[in-house]
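Peer 1: coordinates only, sequence not included:
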């Protein structure tokens, strides 16, 4: 009996994703961001006034996790919550500082994208569009 496992595209994808997530995390660290915080900040910028429940849905995290991460973004001056009073719906918006941090993060992400595309062009091409419309999950 062979001890070699058959090729698993899922395991390969998870391994590659983990490596590139670590690269992105390293690029974002000095900006005060994690990959998750970067994604949340980008969602808030693209949809000013987004609710916590919608933010959590788009980010595929719990509402509680979104609240915790956003509190950190607010404390860092990257997001403002213009909620008038406790219990009111949140009105999340990216601050000017948050916009500057996002711009820097996007420039670093573009460099990583270029590295991946030049090092693994077939993989980069195969991934195009999958973020917007994942498949195979019901």
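Peer 2: Yep, it's here. In this text the structure is predicted, and so the values were computed from the model without any measurement.
Peer 1: what segments of this structure are strands?
Peer 2: Applying DSSP state E to the chain gives strands spanning 79-81, 92-94.
Peer 1: who's in contact with the most centrally placed residue in the chain?
Peer 2: In the chain, the centroid-proximal residue (C-alpha atoms, centre = their mean) is residue 39; its distance is 2.7 Å. Residue 39 is in contact with residue 59, counting by C-beta atoms under 8 Å, 6 or more residues apart in numbering. For glycine as for every other residue, the C-beta is placed from the backbone atoms N, C-alpha and C.
Peer 1: list the buried residues in the top helix by length along the chain.
Peer 2: When the chain is scanned for its longest helix (criterion: DSSP state H), the result is helix 96-119. Across helix 96-119, burial judged by 16 or more other C-beta atoms under 10 Å covers 98, 101-102, 105, 108-109, 116.
Peer 1: stretch 60-68 now?
Peer 2: 61, 66.
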